[in-house]
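J.: Pasting the sequence and the predicted coordinates here, then a few questions.
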Amino acid sequence: MGVLSLLAAGFPAGMNGQGGAPGAPPERALARDLLRELIEINTAPANGCTKAAEALAARLRSAGFPETDVLMAGPRPEKQNLVARLRGRGQGKPVLWIAHLDVVDAPREGWLPGLDPFRLTERDGFFYGRGVLDVKDAAAGLVANLIRLRAEGFVPSRDVIVALTADEETGGSNGVSWLLANRRDWIDSAFCLNLDAGGGQIENGKRARLTVQTSQKTNQSFRAEAKGPGGHSSQPVGNNAIYRLSAGLARLAEHDPPFRFNESTRAYFERVAESESGQIASDMKAVAKDPPDLEAARRLAAATPYYNSILRTTCVATRLEAGTADNALPPSARAVINCRIFPGDSLEFVRGWLAQTLADPEIVLTPMGGSVPSPASPLLPEVMDPIARIAGELWPGVPVLPVMDPWAGDSAQMRRAGFPTFGASGVFSDDNGGEHGANERISVAAFDESVEYIYRLMKTLATDAAAANR
Ligand SMILES: [Zn+2]
């Protein structure tokens with residue numbers, strides 16, 4: 001479309017201020033402008049996200065989205081979530097895109113001179129500011145593309161829904177769980193793309209891989225407690241709570257839960273094997289087979305903590321406390337054992353495995369909080385194929401891998417609620433992105449490319465095959 005119609009659709013005129021570059025196409029300028037606006041609204045937990053949600057809602061309305069398709073709701077005035085909809089022809093269930101609007105706090109200490117965490121600064125090819133990578137870049141990209149698609153007159157065959165949510169990082173008002181519990185009809189969809197997960201990894205200055213998160217482990221801690229009779233330490237007795245618990249933990253140190261595999265981890269190892277060599281490559285191919293080679297799994301698990309973490313549920317002691325005084329026998333000894341549960345293992349299974357491994361009926365195991373395991377999403381070809389194709393257009397030759405993350409987030413909640421969910425960020429970064437720390441940054445090129453990636457993927461996923469063939 002022409003520049004004039006983009007301007008009429010609410011695209012910013014010219015490249016004023018930071019975040020713009022002379023001569024950039026208008027859709028690129030809009031995304032950058034939205035990123036600047038979002039960074040300058042401090043959405044750390046104490047402030048809430050409502051101002052950011054309102055700013056984006058205003059942009060959508062002035063671009064012509066009707067009031068009824070730009071909705072806000074949340075448990076508290078300062079914890080509002082924004083749900084916007086680009087109407088399609090109703091041929092199929094909607095496609096949902098999510099990203100969170102909140103950021104972790106950003107004390108000024110540690111930021112380079114001249115950088116303000118709540119001002120978007122462009123320097124040496126990077127945008128700096130709290131949230132540029134986690135994950136206001138995605139919120140800006142999603143809203144910019146809704147506006148772009150509407151301005152182009154694109155009518156999808158099915159609705160495109162964008163939900164921008166509160167309290168993913170901390171705070172008790174997680175927007176995804178609130179929407180699932182209170183406005184499920186607003187986000188009801190065939191599947192979900194979460195831009196706060198997955199993404200491209202840069203290694204040695206090169207794009208190494210694009211990951212699509214299709215599965216997550218569940219975080220569940222247990223308290224293990226042994227009790228003793230107490231008494232004066234001058235007259236030790238046989239039943240010492242510290243010794244009992246320590247002996248149990250020593251057994252835990254020597255044992256691991258059984259190996260587990262799913263479609264995501266098999267596909268992961270199969271693809272990564274192509275860029276490995278020698279024993280590691282053949283072991284990866286061997287665990288990707290059905291049935292998998294357990295000896296190969298053993299070698300891989302020993303090779304790196306990461307491979308171990310995606311091959312099984314893990315349980316590790318993380319805290320210990322015992323006793324009341326230097327001269328008293330300990331009345332009790334307690335440890336926290338933190339488990340990351342592989343999708344498909346139940347809480348009861350893990351608890352049973354722990355009890356068997358600690359091997360002492362006097363050590364009482366109690367789950368701390370009740371997390372609900374999250375299933376893996378099927379690798380739907382209608383999602384995975386367009387991702388691979390569009391990634392191939394933008395980043396030729398870069399492998400696309402499904403991954404299971406050993407931590408939990410909003411994707412896990414969506415999967416628990418029955419929505420296949422894909423962590424589908426298109427941002428490439430290295431390990432120096434500063435997420436949650438000082439000097440958070442995203443390369444300007446990676447931001448622009450990710451916005452284009454969202455554009456192509458949003459358009460493709462909203463056009464179902466049947467409609468495309470008509
Ligand atoms: Zn995040």
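T.: Thanks, I have the structure now.
J.: what are the ranges of the helices in the stretch 51-200 of the chain?
T.: With DSSP state H, counting those that start in this stretch as the definition, the stretch 51-200 of the chain shows helices at residue ranges 136-151, 175-182, 184-187.
J.: Which positions in the shortest one come out as buried?
T.: Burial within helix 184-187, assessed by neighbour count using 16 or more other C-beta atoms under 10 Å, is assigned to Trp186, Ile187. In this view, the C-beta of every residue, glycine as well, is placed from N, C-alpha and C.
J.: for it, what is the average pLDDT?
T.: The average pLDDT within helix 184-187 is 98.
J.: Kindly check the end-to-end length of stretch 123-134 for me.
T.: Stretch 123-134 has an end-to-end distance of 18 Å (C-alpha to C-alpha, to the nearest Å).
J.: Kindly report the same for stretch 111-129.
T.: 9 Å.
J.: And stretch 93-104, by the same measure?
T.: End-to-end for stretch 93-104, by C-alpha to C-alpha: 34 Å.
J.: Show me what from the stretch 151-300 of the chain comes close to the ion.
T.: Asp196 (C-beta under 5 Å from the ion).
J.: Return the nearest residue of the stretch 151-300 of the chain with respect to the ion.
T.: Nearest residue of the stretch 151-300 of the chain to the ion (C-beta to the ion) works out as Asp196 at 4.1 Å.
J.: Can you list the residue ranges for strands in the stretch 101-250 of the chain?
T.: 121-123, 126-128, 160-165, 191-194, 199-203, 206-216, 218-227 (DSSP state E, counting those that start in this stretch).
J.: So what touches the fourth one?
T.: Where contact means C-beta atoms under 8 Å, 6 or more residues apart in numbering, the residues beyond strand 191-194 that reach it are 95-99, 213, 377, 380, 383, 409-411, 414, 419-424, 457, 461.
J.: Go through the strands of the stretch 101-250 of the chain and name the closest to Val176.
T.: Evaluated over the strands of the stretch 101-250 of the chain, closeness to Val176 peaks at strand 160-165, with 5.4 Å, by C-beta to C-beta.
J.: relative orientation of the closest one and helix 136-151 in degrees?
T.: If you take axes from the mean of the first three to the mean of the last three C-alpha atoms, to 10 degrees, strand 160-165 sits at 150 degrees to helix 136-151.
J.: Report all helices and strands that strand 160-165 contacts.
T.: Under the contact criterion of 3 or more C-beta pairs under 8 Å, 6 or more residues apart in numbering; DSSP states H and E, strand 160-165 touches helix 50-62, strand 81-86, strand 95-100, helix 136-151, helix 175-182, helix 184-187.
J.: helices or strands next to the last one in the packing?
T.: The reference is to helix 184-187. Under the contact rule (3+ C-beta pairs under 8 Å, 6+ apart), helix 184-187 is packed against strand 160-165, helix 175-182.
J.: Residues contacting the last one, please?
T.: In other words, helix 175-182. With C-beta under 8 Å, 6+ apart, helix 175-182 has contacts from 49, 73-75, 79, 81, 83, 98, 100-101, 163-168, 186-187, 410, 413-414, 417.
J.: switch the cut-off to 7 Å
T.: With contacts defined as C-beta atoms under 7 Å, 6 or more residues apart in numbering, helix 175-182 is touched by 74-75, 81, 98, 100, 163, 165-167, 186-187, 410, 413-414, 417.
J.: Most neighbours among the residues you listed, please name it.
T.: Ile98 (33 neighbours; other C-beta atoms under 10 Å).
J.: now the lengthiest helix in the chain, how far from the centre of its chain.
T.: Using DSSP state H, we find that the single longest helix of the chain is helix 444-461. Put simply, helix 444-461 sits 18 Å off its chain's centre (C-alpha atoms, centre = their mean, to the nearest Å).
J.: in that helix, what counts as buried?
T.: 444, 446-461.
J.: Likewise for stretch 206-220?
T.: Going by 16+ other C-beta under 10 Å, stretch 206-220 has these buried residues: 207-218, 220.
J.: Just give me the least confident of these.
T.: Among the buried residues of stretch 206-220, Thr218 has the lowest pLDDT, at 91.
J.: ok so, going back, let me know the closest of the contacts of helix 175-182 to Glu362.
T.: For the contacts of helix 175-182, the nearest to Glu362 is Gln413 (37.0 Å; C-beta to C-beta).
J.: ok, that closest one to the ion distance?
T.: The gap separating Gln413 from the ion is 13 Å, by C-beta to the ion, to the nearest Å.
J.: quick one: which helix or strand includes that residue?
T.: Here Gln413 sits within helix 410-416, counting by DSSP states H and E.
J.: show me where the stretch 351-470 of the chain has strands.
T.: Under DSSP E, counting those that start in this stretch, the stretch 351-470 of the chain gives strands at 364-368, 400-405, 421-423, 428-429, 441-443.
J.: what's the most buried one of these?
T.: strand 421-423 (a mean of 27; mean count of other C-beta atoms under 10 Å).
J.: related to what we said a few turns ago, most neighbours per residue, which of the helices and strands packed on helix 184-187?
T.: strand 160-165 (a mean of 26).
J.: Show me what the mean pLDDT comes to for it.
T.: 98.
J.: Within the sheet, what are the partner strands of it, with directions?
T.: Using DSSP bridges, strand 160-165 pairs in its sheet with strand 81-86 (antiparallel), strand 95-100 (parallel).
J.: Save those as a markdown table, and put in mean pLDDT too.
T.: Listed next are these as a markdown table, based on pLDDT from 0 to 100:
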| stretch | mean pLDDT |
| --- | --- |
| strand 81-86 | 98 |
| strand 95-100 | 98 |
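J.: Which stretch among those approaches the ion most closely?
T.: strand 95-100 (5.7 Å).
J.: Let me know whether the closest one sits next to the ion.
T.: No: using C-beta under 5 Å from the ion, strand 95-100 stays clear of the ion, with a minimum separation of 5.7 Å.
J.: try stretch 436-456
T.: No: contact of stretch 436-456 with the ion is not found when judged by C-beta under 5 Å from the ion; the minimum separation is 8.7 Å.
J.: Tell me how far that stretch lies from the chain's centre.
T.: 15 Å.
J.: Give me the spatial nearest neighbour of the residue nearest the centre of the chain, chain neighbours excluded.
T.: For the chain, Ala197 is the residue whose C-alpha lies nearest the centre (C-alpha atoms, centre = their mean; 3.3 Å). In this structure, Ala197 finds its nearest non-sequential neighbour in Gly423, 2.5 Å apart by C-beta to C-beta, 6 or more residues apart in numbering.
J.: wait, what's in contact with that neighbour?
T.: Asn194, Ala197, Gly198, Val212, Gln213, Ser411.
J.: which residues does the first one bridge with?
T.: This points to Asn194. Ile98, Gly423.
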